[in-house]
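Novice: A predicted structure for the sequence below; I have some questions about it.
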Amino acid sequence: MRRFLVCALLLSPAILPAQQAIPHLEQRGQATQMIVDGKPFLMLSGELHNSSSSSLAYMEPEWKQLAGMGLNTVVTPLSWELIEPTEGKFDFSLVDGLLAQAREQHLKIVFLWLAAWKNGMSGYPPVWVKENLQRFPRVMEHGQPQPILSTFSPALLEADSRAFKALLEHIRSVDTQDRTVLMMQVENEVGVLGASRDHSAAADAAFAGPVPAELMRSLEQHHATLNEELRTLWEKNGAKTHGTWTEVFGDSARTDAIFMAWHYAKYVQAVAAAGKSAYPLPMYANAWLAGEDTPPGDYPSGGPQPRVLDVWKAAGNGLDILAPDLYAAGFEDWCRRYHRPDNPLWIPETNGGSVGAANVFYAVGEQAALGFSPFGIDAGMHGEADAGNTLANGRADLHASYTALAELEPLLAAAQGAGNVHGFLLSQSHPTVDFVMHGVTVHVTLDEIFGQHAMSGFGLIMEESPNHYLGAGKGFRVSFTPRDDKAPQLGIASIDEGRFENGSWVPGRRLNGDENDQGNGWRFDSRELRIERAVLYSFQ
Ligand code: DGJ
């Protein structure tokens, strides 16, 4: 215990000089931010295809291309089977190789610990785990073992935690200067597939027993702010403070999903905590999202869906973030559901290309996201044909968005903290949005000029100081009205295009003519992503 305390103290971000401090999350004003080298760091990321980082030779030509796409961080899978092929014998040469390759291109890494589960299934544990069903039991459905390890296995939790802790100990020992590793994902999209819960003997016994007092206490404590669906289910069944799972939540597949959420959450929180005891990097778990009507089991039942986030939070504090793998329609809604006072937004998997190029502005501008990470970012890097959601076609768009956001990073971080920034996505079905910033209504609409209407638009607007605004994006126009209709009206004094170089504004043209309706509006046309500054004046 004492050794642990001394170790934790030595590693504490607070007592290390900024350059050596461990990457950590910090509340700065209204936003929680990733702090690297003492400064907020926006993770402009991409996630590799599952198998790319299992081979250093395969990865060798990728890093330069990844850096060339404007990424500063790569979500890099690392599987248990490759780290501990024989029980108790660890091989970290792959980790060391990946770190060396990333550093050459000045890229950061978020490691993805593919261990007991990936997409609900158990394809990534070492074979000594897979083959030993007595020691590492499986989820049972209709009396048959499934290719899914059961959470009701203390031996599995112990083995997984030991390997993860060894990995974190290794990272701690080799990543002292560069701090290349920013964060760890623990497991991947956990949950039972094919049925709403595990039916092994141990699972059935737990299901017949009482809801743990720890969970009940947390529900009572957070009653008012619980996810609406969870609260309704609980209240509909009498808001009991003890009882079995079906007594407390009713007899339905939703109850099974809550039960599984508790057990997966306990497990993943414990693995994360074991890792943190060696090296306290930020840690998160990700969710395969399901639509409202999708029955548990058609999606991994028990994964950190919005409706069970409170259950996951109640199960421990090893995890800092529960994160959505966000491919579904309704991007803004899903972001809102995951961005909570107790949960900053980080999107570890999502669409890239031109869709991602737009969405990232909403995520960081409106929801203070810590970062954004399109999946399959290395698609096409070996000359292979592109596939599905990897969107190599829109790569230039994502690059343009990442380049602009990298230029804006220090300003954006300050504005996130101060609450002086808004991000938006516009479409033909959602063509306008209004924000109020310090008594001024900022009205944003899809761009239109000479009868030509933009099909879509995206961007962000920051208030830098009274009457001084910075905008970035494309396909929209902005106007300003004082909220108080007796206040002086607002006109546009000037609009300048420009860019930031090492944090300093390098102005380009003054744009008070045709580009902006002779200075009567502030336009970002659809052709190209731009960064511009507008200054307002008042008149009566
Ligand atoms: C979500 C998973 O987490 C990824 O590993 C990958 O399988 C993608 N789906 C594929 O779209």
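Specialist: Received it, and whenever you're ready, just let me know what you need.
Novice: Let me know the next secondary structure element after whatever helix or strand residue 285 lives in.
Specialist: Residue 285 is part of strand 283-288, with elements assigned from DSSP states H and E. Downstream of strand 283-288, the next assigned helix or strand under DSSP H and E is helix 309-314.
Novice: average model confidence for the strand holding residue 285?
Specialist: Averaged across strand 283-288, the pLDDT comes to 98.
Novice: ok, it: who's next to it in the sheet?
Specialist: strand 181-188 (parallel), strand 321-326 (parallel) (DSSP bridges).
Novice: between those strands, which one is nearest to residue 73?
Specialist: Among the strands paired with strand 283-288, strand 181-188 comes nearest to residue 73, with 6.4 Å by C-beta to C-beta. Heads up, the C-betas are built off the backbone N, CA and C, glycines and all.
Novice: tell me how far that closest one is from the chain's mean position?
Specialist: Distance, stretch centre to chain centre, for strand 181-188: 11 Å (C-alpha atoms, centre = their mean, to the nearest Å).
Novice: Equivalent analysis for stretch 478-491, please.
Specialist: Chain-centre distance of stretch 478-491: 37 Å, with C-alpha atoms, centre = their mean.
Novice: start the count at 704, not 1, going forward
Specialist: From this message on, residue numbering opens at 704, which makes the last subject stretch 1181-1194.
Novice: what does the stretch 1054-1203 of the chain put close to the ligand?
Specialist: Counting by C-beta under 6 Å from any ligand atom, the residues of the stretch 1054-1203 of the chain lying close to the ligand are residue 1078.
Novice: show me where the stretch 1054-1203 of the chain has helices.
Specialist: For the stretch 1054-1203 of the chain, helices defined by DSSP state H, counting those that start in this stretch occupy the ranges 1056-1069, 1098-1121.
Novice: Please apply the same query to the stretch 904-1053 of the chain.
Specialist: Counting by DSSP H, counting those that start in this stretch, the helices of the stretch 904-1053 of the chain are 904-911, 916-924, 931-939, 948-952, 956-981, 1012-1017, 1034-1041.
Novice: The ones you listed: which one's closest to residue 1122?
Specialist: Evaluated over the helices of the stretch 904-1053 of the chain, closeness to residue 1122 peaks at helix 1034-1041, with 15.8 Å, by C-beta to C-beta.
Novice: got the buried residues for the closest one?
Specialist: 1034-1035, 1037-1038, 1040-1041 (16 or more other C-beta atoms under 10 Å).
Novice: Quick one: residues in contact with that helix.
Specialist: Here helix 1034-1041 makes contact (C-beta atoms under 8 Å, 6 or more residues apart in numbering) with 992, 1009, 1012, 1025-1027, 1029, 1031, 1048, 1050, 1062, 1065-1066, 1069-1070, 1072, 1128.
Novice: avg pLDDT for that helix?
Specialist: 98.
Novice: Surely residue 878 and residue 872 touch.
Specialist: No. If you go by C-beta atoms under 8 Å, residue 878 and residue 872 don't touch, sitting 11.2 Å apart.
Novice: Neighbour count for those two, which is higher?
Specialist: residue 878 (21 against 17; other C-beta atoms under 10 Å).
Novice: Tell me the spacing between the more buried one and the ligand.
Specialist: 24 Å (C-beta to the nearest ligand atom, to the nearest Å).
Novice: show me the contacts for the closest residue to that residue other than its chain neighbours.
Specialist: Spatially, and ignoring its direct neighbours in sequence, residue 878 is nearest to residue 884 (5.3 Å; C-beta to C-beta, 6 or more residues apart in numbering). Counting by C-beta under 8 Å, 6+ apart, residue 884 touches 726, 802, 811-814, 874, 878, 984.
Novice: Now do the strands in the stretch 804-953 of the chain.
Specialist: Listed from the start of the chain, the stretch 804-953 of the chain has strands (DSSP state E, counting those that start in this stretch) covering 811-821, 841-844, 847-852, 884-891.
Novice: Can you tell me the strand partners of the third one and which way each runs?
Specialist: Its sheet considered, strand 847-852 pairs with strand 841-844 (antiparallel) by DSSP bridges.
Novice: which residues touch the strand it pairs with?
Specialist: Contacts for strand 841-844 (C-beta under 8 Å, 6+ apart): 825, 848-853, 895, 897-898, 901-904, 906.
Novice: Whichever of these end up buried, select them in PyMOL.
Specialist: Remark: buried members of the contacts of strand 841-844, expressed as a PyMOL selection using 16+ other C-beta under 10 Å:
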select buried, resi 825+849+851+852+853+895+897+898+901+902+903+906
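Novice: about what we covered before: go through the strands paired with strand 986-991 and pick out the most buried.
Specialist: Neighbour counts averaged per stretch over these are highest for strand 884-891, at a mean of 26; criterion: mean count of other C-beta atoms under 10 Å.
Novice: Would it count as contacting the ligand?
Specialist: Yes. Legend: contact between strand 884-891 and the ligand by C-beta under 6 Å from any ligand atom is shown at residue 891.
Novice: For the top strand by length along the chain, which helices and strands make contact with it?
Specialist: Using DSSP state E to define each element, the chain has its longest strand at strand 1192-1204. Judged by 3 or more C-beta pairs under 8 Å, 6 or more residues apart in numbering; DSSP states H and E, the packing partners of strand 1192-1204 are helix 1098-1121, strand 1179-1185, strand 1207-1213, strand 1233-1242.
Novice: Reformat these as TSV; add distance to residue 933, mean neighbour count and mean pLDDT.
Specialist: Formatted as TSV, the helices and strands packed on strand 1192-1204 follow (distance: least, C-beta to C-beta, whole Å; neighbours: other C-beta atoms under 10 Å; pLDDT from 0 to 100):
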stretch	distance to residue 933	mean neighbour count	mean pLDDT
helix 1098-1121	29	20	97
strand 1179-1185	37	19	96
strand 1207-1213	47	11	97
strand 1233-1242	42	17	97
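Novice: Kindly reformat those as JSON lines containing distance to residue 937.
Specialist: Formatted as JSON lines, the helices and strands packed on strand 1192-1204 follow (distance: least, C-beta to C-beta, whole Å):
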{"stretch": "helix 1098-1121", "distance to residue 937": "34"}
{"stretch": "strand 1179-1185", "distance to residue 937": "43"}
{"stretch": "strand 1207-1213", "distance to residue 937": "53"}
{"stretch": "strand 1233-1242", "distance to residue 937": "48"}
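Novice: Enumerate the residues of the protein near the ligand.
Specialist: Residues of the chain lying close to the ligand by C-beta under 6 Å from any ligand atom are 753, 822, 891-892, 1028, 1052, 1078.
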